[in-house]
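Colleague: I'll drop the sequence and a predicted model, then ask my questions.
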Amino acid sequence: MSSSYKFALLGGAVLVAFCAGFWYRGPASGPSAAEAAGRKVLYWHDPMHPSYKSGKPGIAPDCGMQLEPVYAGDSDTEMAHAPGIPGAVTISAERQQAIGVRVGQVERSSSTQHIRLLGRVVVDEAQIYRIFGAGEGWVREISPYAPGSIVQKDDLLAVYFIRELLTPLNAYLYALSNRDRRPPDQVNADQTQQVENQIRISEEGLMNLGISQIQIREVAKTRTATALMQVRAPGAGVILARNLARGLRIDRSLELYRIADISHVWVLADLHGREANVVPLGTAAQVSFEGHVLPARISKSLPLFDAATRTMKVRLELANPGLLLRPDMFVDVDFSVALPKAVTIPAEALLDSGLRKTVFVDRGNGYFEPRAVETGWRSGDRVEIVRGLEAGERIV
């Protein structure tokens, strides 16, 4: 059997079924008994698709059903525009009950909003140590400490040769020798103070070059100047970066090591929209991760705006016992905020199309007015109304 023949049979069957249905329901007749009794027909509509309306009886073009009349005053089908209220409609009490209309009240109330955010751990910028080269030189030795290693204060990290070190060291040794050459009984108080000042100035100059106090004490003990600079950890922390290799030529612009004390860290989280305006600085919070919960507090520094994400970056500060938190880890941030008194409505009363936010106001006697509103914070099942409604109004 050819495909064209099959399509012809199928089309004939559809036509026969349509005609049979039309014959069964009967053709459109004249005015109904209700109309004859004096009820006025407003229009005819498709009961399967009420949006289709016609000014005369007939058959619905989409499904072939008989059009049914809609009479004036029929509360089950009519939603007339309310006089004197632009855009308002009227719905009878029977119709409201049938479609489940519930009416609430606009309130002026306060609330407590629970906020849960995703945060990222970052290093406290006040706890970062950056070690630069003291001058031109060459790396001689490197310790096994690599990025991620935990070091303690004064741990030896590297040794490099720097010729410029000899001059300030010799000046320091000369000041020490001046103190040693003069017997105490031949030195008056002014001379003693002058010598001690020379020694102190020399030590400060060495420390400004980056020489640790341990190496300074070694030089004072051995009375030997050396061109080998010891790089020691200025404080306890974790190594974030190491830019050295044995035999590498260095200068003052090269950052040798970057070390961070992560016993105290920051957590950055994004606040969206009006949330940033209702979160007080210094608010207590909790940071949770992998079954651990740590107390934190929102910094008193103002949140910074991130143009890429269009959010406000709020910063939390917290202690990091056991160094459980590491830089760039993601954590959950929880805190509660007491919201000020504001005009609020139930969240289910707000119709948000994305372009327009609307609330239907009950004007009494079955009249309902659509009202454009502007919203603020959302807490639980309540939404703040910034503009468009007043406390005490009744809404759907």
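Modeller: On my side now, so go ahead. Residues are numbered from 1 along each chain as shown.
Colleague: grab the most central residue of this protein for me.
Modeller: Using Cα atoms, centre = their mean, the residue of the chain that lies closest to the mean C-alpha position is residue 270, 2.2 Å off.
Colleague: what residues does the helix or strand it falls within touch?
Modeller: With elements taken from DSSP states H and E, the one containing residue 270 is strand 264-271. By Cβ atoms under 8 Å, 6 or more residues apart in numbering, the surrounding residues in contact with strand 264-271 are 115, 117-125, 127, 279, 287, 296, 299, 303, 306, 309, 311-320, 325, 327, 331, 333. In short, each C-beta sits where N, CA and C put it, glycine included.
Colleague: that one: which residues count as buried?
Modeller: Neighbour counts over strand 264-271 (16 or more other Cβ atoms under 10 Å) mark 265-271 as buried.
Colleague: make CSV out of these and add pLDDT and distance to residue 196.
Modeller: Formatted as CSV, the entries for the buried residues of strand 264-271 read as follows, by pLDDT from 0 to 100; distance: Cβ to Cβ, whole Å:
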residue, pLDDT, distance to residue 196
265, 95, 42
266, 96, 43
267, 96, 48
268, 94, 49
269, 93, 53
270, 91, 56
271, 86, 56
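Colleague: now residue 349. Nearest residue, chain neighbours left out?
Modeller: Residue nearest to residue 349 in three dimensions, not counting chain neighbours: residue 395, with 5.1 Å by Cβ to Cβ, 6 or more residues apart in numbering.
Colleague: partner strands of the strand holding residue 270, parallel or antiparallel?
Modeller: Taking DSSP bridges as the criterion, strand 264-271 sits next to strand 107-123 (antiparallel), strand 311-319 (antiparallel) in its sheet.
Colleague: can you name the residues bridging to the residue nearest to residue 122 when sequence neighbours are not counted?
Modeller: Using Cβ to Cβ, 6+ apart and skipping the chain neighbours, the partner closest in space to residue 122 is residue 266 (5.0 Å). Here residue 266 sits in beta bridges with residue 122, residue 317, going by DSSP bridges.
Colleague: residue 237 too?
Modeller: When bridges are taken as DSSP bridges, the partners of residue 237 come out as residue 151.
Colleague: for residue 342, same thing?
Modeller: On DSSP bridges, the residues paired with residue 342 through beta bridges are residue 109.
Colleague: pLDDT below threshold where in the stretch 101-250 of the chain?
Modeller: Within the stretch 101-250 of the chain, the set of residues satisfying pLDDT under 70 comprises 182-188.
Colleague: how deep is residue 54 tucked in, by neighbour count?
Modeller: If you count neighbours by other Cβ atoms under 10 Å, residue 54 ends up with 14.
Colleague: roughly how far apart are it and residue 216?
Modeller: In this structure, residue 54 and residue 216 are 102 Å apart, going by Cβ to Cβ, to the nearest Å.
Colleague: the helices in the chain, which residues?
Modeller: For the chain, the helices defined by DSSP state H occupy 3-25, 33-36, 93-99, 166-181, 189-208, 213-222, 275-278.
Colleague: and the fifth one, what does it pack onto?
Modeller: Using 3 or more Cβ pairs under 8 Å, 6 or more residues apart in numbering; DSSP states H and E as the contact criterion, the neighbours of helix 189-208 among helices and strands are helix 166-181, helix 213-222.
Colleague: for residue 356, give me phi and psi.
Modeller: Dihedral angles phi and psi of residue 356 (degrees, to the nearest 10) take the values phi -150, psi 140.
Colleague: tell me which residues touch the nearest residue to residue 380 once chain neighbours are set aside, please.
Modeller: In space, not counting the residues next to it along the chain, residue 380 is nearest to residue 111; the distance is 7.1 Å by Cβ to Cβ, 6+ apart. By Cβ under 8 Å, 6+ apart, residue 111 lies in contact with 339, 344, 379-380, 382.
Colleague: among these, which ones are in strands?
Modeller: Counting by DSSP state E, the members of the contacts of residue 111 that fall within strands are 339, 344, 379, 382.
Colleague: in stretch 382-389, what's buried?
Modeller: Along stretch 382-389, the positions that meet the burial threshold by neighbour count (16+ other Cβ under 10 Å) are 382-385, 388-389.
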